[in-house]
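S.K.: Could you look at this predicted model? Sequence included:
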Amino acid sequence: MSRIRIRAIFLGFAAGFFGFVFYTRYWIWRDCIAVSQSSCVTPDGSNATEGGMVWGVIALGFLAAALIAQFGRR
């Protein structure tokens, strides 16, 4: 078993953080955003928009970087 690299751990935590932001800013409210065609006001007063999908792309980028840092370039 290969040792876990510090860079891979850091990138994994970043992927988890941005995945959580994606979940809270877009995934929970995706039905409301689709119905309103642009944005949705949440019960706490914040505005969730279609742009919340960007957080998911950033999370996937960090996840790919973590996998490359751990398993790539041997």
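M.R.: Yep, that arrived.

S.K.: tell me the contacts of the residue most central in space within the chain?
M.R.: Nearest to the geometric centre of the chain sits residue 19, at 2.6 Å (CA atoms, centre = their mean). Neighbour list for residue 19: 55, 56, 59, 63 [criterion: CB atoms under 8 Å, 6 or more residues apart in numbering]. (Glycine included, C-beta is placed from N, CA and C.)

S.K.: And residue 41, by the same measure?
M.R.: Residue 41 sits next to 47, 48 when contact means CB under 8 Å, 6+ apart.

S.K.: Could you check the pLDDT of it?
M.R.: Note on residue 41: pLDDT of 85.

S.K.: quick one: it from residue 47, how far?
M.R.: Per CB to CB, to the nearest Å, residue 41 is found 6 Å from residue 47.

S.K.: sorry, back to before: can you report phi and psi for the residue nearest to the centre of the chain?
M.R.: With angles defined as degrees, to the nearest 10, residue 19 sits at phi -70, psi -40.

S.K.: From the chain's centroid, how far away is the helix or strand where residue 31 lies?
M.R.: Secondary structure assignment for residue 31, by DSSP states H and E: helix 30-36. Its chain's C-alpha centre and that of helix 30-36 lie 19 Å apart, by CA atoms, centre = their mean, to the nearest Å.

S.K.: Adjacent strands (with direction) for whichever helix or strand comes after it?
M.R.: As assigned by DSSP H and E, the chain's next helix or strand after helix 30-36 is strand 39-41. Strand pairing for strand 39-41, using DSSP bridges, gives strand 47-49 (antiparallel).

S.K.: next SSE after the partner strand?
M.R.: Per DSSP H and E, the first helix or strand lying C-terminal to strand 47-49 is helix 53-71.

S.K.: Which neighbours do residue 41 and residue 47 have in common?
M.R.: When CB under 8 Å, 6+ apart defines a contact, no residue borders residue 41 and residue 47 alike.

S.K.: contacting residues for residue 50?
M.R.: Residues near residue 50 by CB under 8 Å, 6+ apart: 26, 33, 38, 39.
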